[in-house]
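generate coordinates for the sequence data below:
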Amino acid sequence: MGGGDTEELAETLNDTFTSDDDQRFKSELQGTNNLLELLEKMNGKVAGDYNGFGDVAPGLRVYVEQLKPKSGSFDKYVEQIDAIEQQVTEFEAVISMLDKHVSLLESKLQSVHQKQHS
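Numbering: from 1, shown residues only. Okay, the predicted model is just below:
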C-alpha cells in the first residue's frame with residue numbers, strides 16, 4: 001500500500017464518517033424541527049381556547065353582579081330557615097324526653113295492672 005492509497009483510504013473514510021455525521025445531524029435537526037412545529041400548533045390551539053374564555057368572562061362578571069342583589073334578598077329567608085331548624089332541634093329534644101316519660105309511665109301502669117290481677 002503506497003502513500004497515495006493511504007490518503008485515498010483516509011479521504012474515503014473521512015467522507016463516509018462526515019456524510020454519516022451530517023445525516024445524523026440533519027435527522028436530529030429535522031426531529032427537533034418537527035417537535036417545534038407540533039408545539040407551535042398546540043400553543044395556537046390553547047391560545048384559541050383561552051381567547052374564547054376571555055370573551056365569556058366579562059359576561060359572567062355582569063351576570064354575577066346582577067345576582068348579588070337578588071341573593072341578598074334571600075338572606076332574611078335563610079335566617080328564618082335557620083331559626084326553624086333550631087326550633088325543630090329543640091322540639092326533637094322535648095319529644096325525646098316525652099317519649100322516655102311515656103315509656104316510664106307505661107311501665108308503671110303495666111306493673112300496677114299486673115299487681116291488681118295477681
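
contacting residues for His117?
Neighbouring residues of His117 by C-beta atoms under 8 Å, 6 or more residues apart in numbering: there are none. For glycine as for every other residue, the C-beta is placed from the backbone atoms N, C-alpha and C.

residues near Gly54, how many?
9 (other C-beta atoms under 10 Å).

which SSE is it in?
helix 3-72 (DSSP states H and E).

equivalent analysis for His113, please.
Counting by DSSP H and E, His113 is found in helix 75-117.

average pLDDT for that helix?
Mean per-residue pLDDT for helix 75-117: 93.

likewise stretch 30-48?
Across stretch 30-48, pLDDT averages out at 88.

gap between Gly44 and Glu37?
For Gly44, the distance to Glu37 (C-beta to C-beta, to the nearest Å) stands at 11 Å.

neighbours around Asp75, how many?
Neighbours around Asp75, by other C-beta under 10 Å: 9.

oops, could you answer that again for Glu7 instead?
Glu7 has 10 nearby residues by other C-beta under 10 Å.

how much space between it and Asp22?
22 Å.

what's the answer for Met97, then?
95 Å.

ok, now Glu90?
89 Å.

now swap in Glu106 and tell me
From Glu106 to Asp22 the distance is 103 Å (C-beta to C-beta).

please apply the same query to Gly59.
Counting by C-beta to C-beta - Gly59 and Asp22 are separated by 57 Å.

go on, Leu67?
Applying C-beta to C-beta to Leu67 and Asp22 gives a distance of 66 Å.

how about Lys100?
96 Å.

go on, Ser107?
For Ser107, the distance to Asp22 - C-beta to C-beta - is 103 Å.

same deal with Ser111?
109 Å.

now swap in Leu38 and tell me
Between Leu38 and Asp22 the computed distance is 25 Å (C-beta to C-beta).

quick revisit: packing partners of the helix holding Gly54?
For helix 3-72, not one helix or strand is in contact under the criterion 3 or more C-beta pairs under 8 Å, 6 or more residues apart in numbering; DSSP states H and E.

next, the angle from it to helix 75-117.
Going by axes from the mean of the first three to the mean of the last three C-alpha atoms, to 10 degrees, helix 3-72 is angled at 70 degrees with respect to helix 75-117.
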